[in-house]
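**Student:** Return a 3D structure for these sequence lines:
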Amino acid sequence: MTGARLVWAAGARLGEGALWDDRLARLWWVDIEGRRLHRTDAAGRDRASWHLPHRPGHVALTEDPERLVLGLQPGLFLCAPRTGRIDPLAVPEGHTAAHRLNDGKVDGAGRLWFGTMGIDEQPGSGALHRLERPGRCLRLEGPFTVPNGPAFSPDGGRLYLADSPARRVFVMEIEDGRPVRRREFLRFAEEEGYPDGMTVDAEGCIWVAHWDGGRVSRFAPDGARLQSIALPAARVTSCAFGGEGLRTLFITTAGGRGRPGGAPEGEPPEGGLFAVDTATSGLPAGRVRLGQEVGPDRMR
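**Tutor:** From the prediction side, this is the model:
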């Protein structure tokens with residue numbers, strides 16, 4: 001394994017949602033507070049960014065290579081970056097103007113699982129939801145405060161989810177499409193920071209970003225810590241495998257100044273996108289299975 005290298009000094013205020021698109025051979029990620037969607041190749045040379053009308057929490061692939069699902073503050077939206085079109089897709093159960101969408105992931109069956117949270121992180125204001133079809137979401141589990149992840153075991157039978165302020169990662173079994181038997185999988189000590197975004201590799205090990213902990217750690221399915229990767233940024237937010245053979249771990253961070261053109265040379269690396277070459281490979285990202293779309297809007 002190599003050390004972490006800075007791929008893009010984007011200066012994101014709150015980088016999140018790393019996602020590798022194997023069809024395009026590009027990485028998607030978002031800046032929540034900067035309200036931007038980013039895309040880059042594995043080397044960080046071919047870059048593109050879009051301004052969004054609301055805070056994004058996550059981005060997901062669909063079966064149509066021209067369309068993505070965005071989890072924005074008001075709900076789920078279908079977007080076409082090439083044309084800038086954005087269509088409302090669904091609003092989570094119980095969602096209000098005091099909430100926003102947070103992290104999300106697609107399972108092997110094409111179902112999008114995502115978290116909601118209070119904008120001010122009110123305790124117990126968050127929940128885990130799933131998109132059932134255009135226009136309908138199902139609330140699955142809660143309450144949480146800041147649900148992060150989720151991530152799925154290679155066989156799709158386990159769901160991992162963090163509640164970041166509680167410093168806990170939970171694991172649940174999935175039966176008949178629903179999470180059951182929630183139990184604590186990890187508890188972070190104060191000096192480790194807070195568990196944030198995560199991914200699972202082909203060996204079933206879980207990689208967790210440490211917010212205010214300056215690293216990503218790999219854990220075995222039984223919870224044993226196997227290794228950690230230090231980063232030159234304290235607020236590490238998400239990670240995803242991509243690149244050739246899915247053997248590069250891409251890592252997002254927070255703490256930049258959110259400049260549209262990215263951070264100038266010589267500025268601190270907070271808010272940058274990092275990459276680490278690994279000995280293990282990841283799993284391909286799932287793709288949302290969708291039907292119709294409605295109500296166009298435009299990205300800028």
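**Student:** per-residue pLDDT, the nearest residue to residue 7 once chain neighbours are set aside?
**Tutor:** Distances taken as Cβ to Cβ, 6 or more residues apart in numbering place residue 44 nearest to residue 7, at 3.6 Å, with adjacent residues excluded. Where C-beta positions appear, they are placed from N, C-alpha and C, glycine not excepted. Looking at residue 44, its pLDDT stands at 94.
**Student:** is it true that residue 44 touches residue 10?
**Tutor:** No. The criterion here is Cβ atoms under 8 Å, and residue 44 misses it with residue 10 at 9.3 Å.
**Student:** the more surrounded of the two?
**Tutor:** Using other Cβ atoms under 10 Å, the more surrounded residue of residue 44 and residue 10 is residue 10, with 29 against 19.
**Student:** and the helix or strand encompassing residue 274, which strands flank it?
**Tutor:** Assigning secondary structure by DSSP states H and E places residue 274 in strand 273-277. Using DSSP bridges, the strands paired with strand 273-277 are strand 5-8 (antiparallel), strand 248-253 (antiparallel).
**Student:** returning to that earlier point: so what's the residue nearest to residue 7 up against?
**Tutor:** Shown in contact with residue 44 (Cβ atoms under 8 Å, 6 or more residues apart in numbering): 7-8, 273, 275.
**Student:** From these, pick the one nearest residue 200.
**Tutor:** Checking the contacts of residue 44 against residue 200 by Cβ to Cβ gives residue 275 as the nearest, at 18.3 Å.
**Student:** Could you list the low-pLDDT ranges of this protein?
**Tutor:** Applying pLDDT under 70 to the chain flags residues 1-2, 260-267, 291-300.
**Student:** what about the residue lying closest to residue 152 once chain neighbours are set aside, how many neighbours?
**Tutor:** Nearest residue to residue 152 in three dimensions, chain neighbours excluded: residue 107, at 5.2 Å (Cβ to Cβ, 6+ apart). Applying other Cβ under 10 Å, we find 18 residues neighbouring residue 107.
**Student:** Equivalent analysis for residue 67, please.
**Tutor:** 19.
**Student:** can you pull up the bridge partners for the nearest residue to it once chain neighbours are set aside?
**Tutor:** Nearest-residue entry for residue 67: residue 80, 5.3 Å, with adjacent residues in sequence omitted and distances by Cβ to Cβ, 6+ apart. Counting by DSSP bridges, residue 80 is bridged to residue 85.
**Student:** do you know how far residue 80 is from residue 230?
**Tutor:** Going from residue 80 to residue 230 by Cβ to Cβ, to the nearest Å gives 38 Å.
**Student:** do the same with residue 174
**Tutor:** Counting by Cβ to Cβ, the gap from residue 174 to residue 230 is 33 Å.
**Student:** In terms of neighbours, single out the busier of the two.
**Tutor:** residue 174 (19 against 13).
**Student:** Next secondary structure element downstream of the helix or strand where the more buried one lies?
**Tutor:** Using DSSP H and E, residue 174 maps to strand 168-175. Of the helices and strands lying after strand 168-175 in sequence (DSSP H and E), the nearest is strand 178-187.
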